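>>> The sequence and its predicted three-dimensional model are supplied below.
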Amino acid sequence: MSVLVVIECANGEVKKSSLEAATYGSKVAQQMGTTATAVAIGDISEENLKHLGAQGIKKVLFDNDARLKNFVNLAYVKVIAAAAQKEASKVIILSNTNIGSAIGSRLAVRLGASLATNVVALPEISGNTFKVRRGVYSGKAFADVNLTADVKIIAVKKNTIEVGHETGEATVENFSASLTDADVAVAPKEVIQQTGDILLPEADIVVSGGRGLKGPENWHLVEDLAKALGAATACSKPVADVDWRPHHEHVGQTGITVSPNLYIAIGISGAIQHLAGVNSSKVIVVINKDPEAPFFKAADYGIVGDAFEVVPKLIEAAKQLR
């Protein structure tokens with residue numbers, strides 16, 4: 001009865017959030033006196049999956065059905081449920097990502113499982129009860145909840161678990177859930193991939209810009225600083241609404257939620273909707289010429305100054321450091 005970890009892949013690589021989930025899953029397995037098995041779906045090589053041994057995974061069930069190269073909600077749920085049945089898994093670990101949120105509730109219904117999302121710490125195990133701590137109210141508080149069903153699903157919040165680095169490799173086993181054409185009938189006809197070297201939801205550093213940059217012609221400041229720091233770029237909702245930047249870069253309550261180690265906000269006032277999407281960042285740096293900007297109250301570091309004067313100096317300093 002192994003712990004089952006759901007692995008998400010992008011561009012032929014395991015996502016960082018899934019490496020965190022794998023580490024979490026292997027630690028839960030240690031608590032239970034068992035092993036951790038992963039299930040991987042989509043476009044990735046077996047060689048890359050073997051590296052999950054570094055996160056404590058012993059075996060990987062790999063469904064490389066070409067029809068699952070892009071995310072198909074119900075089909076993914078069917079594959080994971082079949083893997084859980086094969087391994088007799090009573091504990092399933094996944095990342096609290098958009099995909100994790102989409103499949104978690106459906107998987108819980110299919111398996112009759114207890115589900116906890118946004119989990120930030122290892123469970124306290126007492127008999128058949130798991131007590132887990134999860135972030136609530138957009139990260140403003142924590143709630144301890146008991147999972148009492150026979151099957152338990154835990155969605156781990158991004159950037160809360162340090163990725164493990166053990167020795168050894170995982171064994172990879174080809175696996176098929178015997179999907180029918182009906183299972184993938186709602187597969188997308190076209191997928192527009194996010195461009196850039198670093199995916200925003202997975203980024204350790206994010207540089208974000210707001211209306212304080214005055215126009216899209218000045219966005220090179222955000223891009224140049226991001227390049228110098230090895231960061232992803234993002235924007236506030238008003239910037240996306242006026243088409244300065246694409247909506248997939250919008251972070252906030254109605255956009256993407258990020259949890260980087262460093263979040264740099266340039267010319268963003270800090271409305272509560274924006275803060276809800278970034279307040280899990282470990283360090284927040286705010287650059288704004290308005291000393292009364294609300295964002296300063298949430299910042300770890302603040303620079304009161306004109307972005308057009310401050311950011312070029314930061315870019316030069318970052319280049320020298322690198």
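That came through fine.
>>> Please report how far T257 lies from K297.
20 Å (CB to CB, to the nearest Å). Bear in mind the C-beta positions are built from the backbone N, C-alpha and C, glycine included.
>>> out of those two, which sits in the more crowded spot?
Between T257 and K297, T257 has the larger neighbour count (other CB atoms under 10 Å), namely 22 against 11.
>>> gap between I92 and I154?
Plainly put, I92 is 7 Å away from I154 if you go by CB to CB.
>>> Next: E173.
23 Å.
>>> okay, the two: which has more neighbours?
Taking other CB under 10 Å, E173 and I154 do not tie; I154 has more neighbours (29 against 13).
>>> Tell me which stretches of the stretch 1-150 of the chain form strands.
3-7, 9-10, 13-14, 36-41, 57-63, 91-95, 114-119, 124-126, 129-136, 141-147 (DSSP state E, counting those that start in this stretch).
>>> where does the chain have low pLDDT?
Along the chain, segments meeting pLDDT under 70 span 187-197.
>>> what domains does the record give for it?
3-184, 200-321 (automatic domain parsing).
>>> buried sites along stretch 223-231?
Of all the residues in stretch 223-231, those buried under the rule 16 or more other CB atoms under 10 Å are D224, L225, A226, K227, A228, L229, A231.
>>> Can you get me the start-to-end distance on stretch 123-133?
Stretch 123-133 has an end-to-end distance of 7 Å (CA to CA, to the nearest Å).
>>> whoops, stretch 3-12 was the one
Rule used - CA to CA; the end-to-end distance of stretch 3-12 is 24 Å.
>>> roughly how far out does the longest helix along the chain sit from the chain middle?
If you go by DSSP state H, the chain has its longest helix at helix 16-32. Centre-to-centre, helix 16-32 and its host chain are 14 Å apart (CA atoms, centre = their mean, to the nearest Å).
>>> Show me what it is packed up against.
When contacts are defined as 3 or more CB pairs under 8 Å, 6 or more residues apart in numbering; DSSP states H and E, helix 16-32 packs onto strand 3-7, strand 36-41, strand 57-63, strand 91-95, strand 152-156.
>>> if we compare the ones you listed, which one ends up closest to I264?
strand 91-95 (24.1 Å; CB to CB).
>>> what's the closest residue to K15 other than its chain neighbours in contact with, if anything?
Ranked by CB to CB, 6 or more residues apart in numbering and with sequence neighbours excluded, the top spatial neighbour of K15 is E8, at 4.7 Å. E8 sits next to V14, K15, S17, S18, S95, T97, I99, G100 when contact means CB atoms under 8 Å, 6 or more residues apart in numbering.
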